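Enquirer: requesting a structural model of the entry that follows:
(chains A and B)
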Amino acid sequence: MVEQGLIRAAQAGDRDALITLLREIEGHVYKTAFYILHNEQDALDASQEALIRVYTKIGSYEEKAQFKTWVQRIVTNICIDKFRRTKPTVSIDEHEMVFQDNKHNVEREVMSGYLAEDIREAIDQLPEHHRTVIVLRYLQDFSYNEIADCLDLPLNTVKSYLFRARAQLQNRLQEYQKGGVSG
Amino acid sequence: MKCAEVMEWMHRYLDHDLSQEEMLEMFRHIDDCPSCAEVFDRLTMLSRQLEELPDVKPPFSLVDSILPQLDQLDRGVRDEPVIAGSEDPKIVPFTRQSTRGKKSKGASIATRTGIGAAAAAVILLFAVFNMPESMPGADMDQAYNAAGSEASSKMMTKSADNAAPADAGRNNSTDGSAEIFSEQATAEPAAGGAALNSTGPAAGDSADVADKTDGADAGPAPAKEPPATQAPSAKRNATAPPAENSRKGSGNDDRAADPAGQTQIFMGTAQEDAAADTAAPEEGALQDPNAAEPGAMGLLPALVASQPSWPSPDGRYTVELFGQQVVIYQAPAGNAEGERVALTSLPIEGTWVSGVWSEDGSQFTYVTQLQDGTQATKVYTVPAENSTPLPSAAPSASVSPQSSPVINPDAATSNK
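Expert: Below you'll find the model as predicted:
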């Protein structure tokens, strides 16, 4: 949690405070970028861009918003822009998940857990907004409201994205797991 | 309670969004419904693993890595304050590339390829400055003047036009950025220079250009030499005795390299385009002016914005002092809203004393103080066809431009 006084000093034109502020948030910024973009180089580029934007726009931050959601909004916007530029858009329909699928109760696999790399891979397959809500929820530990603020989405949309994203992840991971067992 | 409803509650449970009662109700259902229990197990496991995703850290300090850019931003902000609109996605952070996105790609590719060329140019300039005995002061002066003249493709066009009908291709490239490219093209080996004139019937002129640009050709044929010295540098060297031609010939290496070298240093990313072009066919260089424009034009104002400048009385040119270089800019012609174009840059010796335009805006005279205490006066003459034919058009002869640094050449007439 960034100290409010530091933010105010930075806004008042204290360059040292602003630099300190950037140092405090760079880890969070990078983490989001890394998990959304799934690529170190892109994540570095996006984080640098985001930090520069924070630097130039600190004056426009208003305290009615949380600083962390303001920062994450900047970085997720940049990431989504990058994502759209570098990857063909995957329509949500293609990934449409039916919750009820789980009812066709597949034989119970070993519930030993998924591999972290598989999870990252599965996150990478998600449509951009689903991926972003997952990252904010799990990597930044944001609440529904914070995610909604950050992405400028209605609360219900956030929930719906998040629930779908989890269901998609789970399905995909199950596929990986089955593939891993058989292959 | 339906399974679908429970499914949603499971997700909310994972997000700590269920009340105590809701939680109890959900668990009651799960206890009775094996399929929901299975889903719940999976979701819980997934959620736990998502929470345990490894923390990642940048491999180096991102803040440190952007400090130079931030410094540059600060300098820029001081000159032209940025209006901070909230969440404007169009605010592009400062980069070495142009802020005009659609063109920035070419510049960035060129940026990478041009670093070597920039280094080479620096070495070349260094060599020039460190071998004064091989290039006496007078010749140096002349060489720079010639370089200045050569920097404009219009000059070259004119020299060719004197003997040959206008070449359509060349006339098409009269916009500012094309000039830069024509200039770069002349820095290429003879093929480039010859190509410029290949459609002109004046074989002599064509060879002259090649002589000037081909560093390997140290001994130009005397018969071709007079037109070479008289055409591009006629403005100032019209009286140059032919006897000097051989010495000038030996200086051709440096002279040919100077326009490219100086431009590379001061045009920022423009030199990268030049570098890329040297590997490309000559017509590529001429057809690709847009690639140079964003880099050069995007960067220059940022670099020189705070430099002292001397607008010419007619406002068409601006001279700016940038370190040890004088850069001459041409304002966009007529209605063009484009950015000014750097015609050429001249290195100065010693420390700057003063500079002033002639009243008709055709000559810029500047004085420097050399290390031995003497003052040197040099004159830059704008290319003849570019200078205003009507001195009376000058707004005010009494303006003292050298005492009023202005950022924008367009402001020249309004700035007292």
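Enquirer: from now on I want contacts and neighbour counts done on CA atoms only, so please keep to that.
Expert: OK.
Enquirer: end to end on stretch B:308-327, go ahead and measure it.
Expert: In stretch B:308-327, first residue to last residue: 11 Å (CA to CA, to the nearest Å).
Enquirer: buried set for it?
Expert: B:308-322, B:325-327 (16 or more other CA atoms under 10 Å in any protein chain shown).
Enquirer: can I get stretch A:117-128 in CSV, CA atoms only?
Expert: The C-alpha trace of stretch A:117-128 is given here as CSV (Å, rounded to 0.1, in the frame of the first residue of the first chain):
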residue,chain,number,x,y,z
GLU,A,117,3.5,-23.7,-16.2
ASP,A,118,0.2,-25.3,-17.3
ILE,A,119,-1.7,-22.6,-15.4
ARG,A,120,0.3,-19.9,-17.0
GLU,A,121,-0.3,-21.5,-20.4
ALA,A,122,-4.0,-21.7,-19.8
ILE,A,123,-4.1,-18.1,-18.7
ASP,A,124,-2.4,-17.2,-21.9
GLN,A,125,-5.2,-18.8,-23.8
LEU,A,126,-7.9,-16.7,-22.2
PRO,A,127,-9.5,-13.8,-24.1
GLU,A,128,-7.9,-10.5,-23.0
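Enquirer: neighbours around B:A118, how many?
Expert: By other CA atoms under 10 Å in any protein chain shown, the residues close to B:A118 number 23.
Enquirer: what pLDDT does the nearest residue to A:K159 once chain neighbours are set aside get?
Expert: Among residues not flanking A:K159 along the chain, A:Y144 sits closest, at 6.9 Å (CA to CA, 6 or more residues apart in numbering or on different chains). On pLDDT, A:Y144 comes in at 95.
Enquirer: show me the contacts for A:Y144.
Expert: A:137, A:155, A:158-159 (CA atoms under 8 Å, 6 or more residues apart in numbering or on different chains).
Enquirer: can I get these in CSV including secondary structure and distance to B:E359?
Expert: Output for these, formatted as CSV (DSSP: H, G, I helix; E, B strand; the rest coil; distance: CA to CA, whole Å):
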residue, secondary structure, distance to B:E359
A:R137, helix, 69
A:L155, helix, 69
A:V158, helix, 69
A:K159, helix, 73
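Enquirer: looking at these, state which has the most neighbours.
Expert: A:V158 (24 neighbours).
Enquirer: would you mind giving the secondary structure of the residue lying closest to that one once chain neighbours are set aside?
Expert: Nearest non-adjacent residue to A:V158, counting by CA to CA, 6+ apart: A:A148, 6.1 Å away. Recorded secondary structure, A:A148: helix (DSSP: H, G, I helix; E, B strand; the rest coil).
Enquirer: is A:A148 in contact with A:Y161, as I believe?
Expert: No: at 10.9 Å, A:A148 and A:Y161 do not qualify as touching, with contact defined as CA atoms under 8 Å.
Enquirer: may I ask which two of the contacts of A:Y144 are separated the most?
Expert: A:R137 and A:L155 (13.2 Å; CA to CA).
Enquirer: now for residue 48: which residues touch it?
Expert: You didn't pick a chain, so chain A it is. B:62-63, B:66.
Enquirer: same check on B:L14?
Expert: B:44, B:47.
Enquirer: repeat for B:M10
Expert: Counted by CA under 8 Å, 6+ apart, B:M10 has contacts B:26, B:40, B:43.
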